[in-house]
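Trainee: Any chance you can model this:
(one chain, ligands or ions: 2)
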Amino acid sequence: MSSADQAVEATNDQLIQSTDPEHPANLIPELCRKFYNWGWVTGTGGGTSIRHGDHIFIAPSGVQKELMKSENIFVLQWPTAKYPAEARNYIRKPLKLNPSACTPLFLTAFEQGAGCCIHTHSQWAVLVTLLVEREKGPDACFEISTIEQIKGIPRGKGKGMLGYHDTLSIPIIDNTAFEEDLTSGLEAAMKKYPDTYAVLVRRHGIYVWGDNVAKAKTQCESLDYLFQLAVEMHKLGLPWVK
Ligand SMILES: CSCCC(=O)C(=O)COP(=O)(O)O
Ligand SMILES: [Zn+2]
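Mentor: Ligands and ions are numbered 1, 2, ... in the order given. Down below sits the predicted model:
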């Protein structure tokens, strides 16, 4: 390790030390424990990142997310370069750990003004991506209507929440061999669907973001509920869209 890296590691512990349970360095491990119990981040997959002022808090890669501690958290100075990875401005790097492979995807959500982004490997999310026809290619979307929980999802930034009679549409992008390579697909989906707060990844999971942690979490919960409901409706032969 270079002396510059050692300095980043050694000098910036204050960035992740707080007695406030709402501090991102405390909140990320706490949220990941909940997400693990909900089947969202099992087997090291998935994770979450929070923007707090001009700092981005990111979990390490390939670790048991439910066992993560605040001292394992990376901190980036915001704004930062998305590419290449070496150009990112880390102001705290835990020794012997790498930042999450989801980092460029989380940064894409922060570029949209998000305060928190959650990535899950929920089986319900994966199942709906398998049930929506593949032939639709870049136009593939999961759609559901006339279910009360749709009201938990925003209509778009500053546009209020969807109503009971609205149709919720979540774009689906194809998976790639490496998590980082999903970034261009996520960017394209955000451009095509500027009001969306989530993008499904076929055979992989979902990215959900929100203006703050509470909104990202509740939106992710509402979507997971709707995906599970949709799978159960499909088993009963019931249509998702009236
Ligand atoms: C078995 S998990 C494969 C990688 C992945 O999809 C993921 O979300 C985890 O990435 P990270 O680098 O944050 O561990
Ligand atoms: Zn993943």
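Trainee: Flag every residue of this protein that's near ligand 1.
Mentor: Contact residues (C-beta under 6 Å from any ligand atom) of the chain with ligand 1: 43-47, 61-62, 100-102, 119, 179. (Each C-beta comes from the backbone N, C-alpha and C, glycine too.)
Trainee: Roughly how far does the closest residue to residue 231 other than its chain neighbours sit from residue 93?
Mentor: Closest residue to residue 231 apart from its sequence neighbours, by C-beta to C-beta, 6 or more residues apart in numbering: residue 127 at 4.9 Å. As judged by C-beta to C-beta, to the nearest Å, residue 127 and residue 93 stand 37 Å apart.
Trainee: Next: residue 189.
Mentor: According to C-beta to C-beta, residue 189 and residue 93 sit 30 Å apart.
Trainee: Have a look at those two and say which one is more surrounded.
Mentor: The neighbour comparison of residue 189 against residue 93 (other C-beta atoms under 10 Å) goes to residue 189, with 25 against 19.
Trainee: In which helix or strand does the more buried one reside?
Mentor: Assigned by DSSP states H and E, residue 189 belongs to helix 183-192.
Trainee: Buried residues in the top helix by length along the chain, which are they?
Mentor: Looking across the chain with DSSP state H, the single longest helix is helix 213-235. Buried positions in helix 213-235, judged by neighbour count with 16 or more other C-beta atoms under 10 Å: 213, 215-217, 219-224, 226-231.
Trainee: Same check on stretch 235-242?
Mentor: By 16+ other C-beta under 10 Å, the buried positions in stretch 235-242 come out as residue 240.
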